[in-house]
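# Next comes the sequence, and after it the predicted model I'd like to discuss.
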Amino acid sequence: MAEKALQKAYPEIVKENDLNVIGAPKINVTKIAENNPLEFKITTAIMPEVKLPDYKKIAKEINSKPEEIKVEEAEVEHAIKHIKEQWVRSEKVQDLVNGGKKIEEVDPRSIEIKEEELPALDDDFVKKVGKFENVDDFKTKLRENMIHEKTLRAKEKKRAEMLDKIALGTEVFVPEIVIEGEINRMMAQFQSDVTRAGLKFEDYLKQTDKKEEDLRKEWHPDAEKYAKNQMVLNKIAIEEDIVPKKEDLEAEVDKIMANYKDANRDRATIYVETLMTNDLIFAFLEKQVEKTL
């Protein structure tokens, strides 16, 4: 009952005092007894003031840098060779499975591919690997895909450069509770990755001769940087009144809930809202360009 009372009281206290709280509060029950008022003490972190630099000017400077995305013929040839090797490797894996081996017993990386085993680049081969009309069609679409990938990487690089420069000029104190929250997120993700790789987290720690505390200490600088960056983005969103459309947000959350039945909808909403808002902020910054007369 005390927990239920606190769950109701805490949001009301925050709202009444117009507090911009962050992180989970630390609650200390000082008095709990039958037929007596519940007494408690709550300690919570308050979002610190964030003083941004001229982020629009920074964005304009970075956006004005000349950029050319191109794919050299040597890169296309290298990609074609990789596709041939993957094709041969997949066939060899299938031969091993057909020969009685279990798929989990086969490590594709250990299969050696010789140059003479690679198939010729002809119309028959490209029709096997995808919906291509002929070799020319295959090469054209391969080049288009490579340009698309390079464009995405260049976009991400520019966004990272933009955010790093804005964050560098930002004055803000990053509370430890925010950094700890980010480390907790990183730890949960890492444990999930280790489990998917077929290991127990405890076994991973033994193999690497590390403790969880060691990992948390190693990750602290990155967690602090990420936390600061997110505070910067949140401040820009407030300054520019950037929020995702409600219908778009709900549609994305519905997709997550459909794929992950056990997911918490409130947490999924916060996650999606953060991603969508960040993307809108970067889109806004990318539109900041020097006007020419």
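That came through fine.
# Next, the buried residues of stretch 69-88.
Going by neighbour count (16 or more other CB atoms under 10 Å), the buried part of stretch 69-88 is 71, 79-80, 83-84, 87-88. All C-beta atoms are positioned from the backbone trio N, CA, C, and that covers glycine.
# For it, what does the pLDDT average out to?
For stretch 69-88, mean pLDDT is 95.
# Next, the residues that contact it from outside, please.
Stretch 69-88 has contacts (CB atoms under 8 Å, 6 or more residues apart in numbering) with 113, 117-119, 121, 125, 128-129, 139, 142-143, 146-147, 150-151, 154.
# Buried only: go through the residues you listed for me.
The neighbour count (16+ other CB under 10 Å) marks 118, 121, 125, 139, 142-143, 146 as buried among the contacts of stretch 69-88.
# which pair in the contacts of stretch 69-88 spans the largest distance?
The largest separation in the contacts of stretch 69-88, counting by CB to CB, is between Glu117 and Ala154 at 35.4 Å.
# coming back round to it: return the subset of the buried ones among the contacts of stretch 69-88 lying in helices.
Members of the buried ones among the contacts of stretch 69-88 lying in helices (criterion: DSSP state H): 125, 139, 142-143, 146.
# Tell me who's in contact with Val21.
By CB under 8 Å, 6+ apart, the residues touching Val21 are 14, 44-47.
# right, I mislabeled it, should have said Met186
Neighbouring residues of Met186 by CB under 8 Å, 6+ apart: 219, 222-223.
# which stretches of the protein form strands?
21-31, 39-46 (DSSP state E).
# Identify whichever of the ones you listed lies nearest to Leu275.
Of all those, it is strand 21-31 that lies closest to Leu275, at 18.6 Å by CB to CB.
# Export only the CA atoms of that closest one, formatted as PDB.
Presented in PDB, the C-alpha positions along strand 21-31 are these (Å, rounded to 0.1, in the frame of the first residue of the first chain):
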ATOM      1  CA  VAL A  21      13.000  15.600 -13.000                       C
ATOM      2  CA  ILE A  22      15.300  13.000 -14.600                       C
ATOM      3  CA  GLY A  23      16.100   9.400 -13.700                       C
ATOM      4  CA  ALA A  24      14.500   7.300 -11.000                       C
ATOM      5  CA  PRO A  25      14.000   8.900  -7.600                       C
ATOM      6  CA  LYS A  26      15.500   7.500  -4.400                       C
ATOM      7  CA  ILE A  27      12.700   7.000  -1.900                       C
ATOM      8  CA  ASN A  28      13.300   6.600   1.800                       C
ATOM      9  CA  VAL A  29      10.200   5.700   3.900                       C
ATOM     10  CA  THR A  30      10.800   7.300   7.300                       C
ATOM     11  CA  LYS A  31       7.600   6.200   9.000                       C
END
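# all numbers from here: first residue = 877
Sure, I'll start numbering at 877, so the last one becomes strand 897-907.
# same question for it, mean pLDDT?
For strand 897-907, mean pLDDT rounds to 81.
# Ok, stretch 1124-1134 next?
93.
# same check, this time on stretch 967-979
Averaging pLDDT along stretch 967-979 gives 89.
# Repeat that for stretch 1088-1104.
Per-residue pLDDT values across stretch 1088-1104 average out to 95.
# ok, now stretch 1138-1155?
89.
# Alright, calling it a day.
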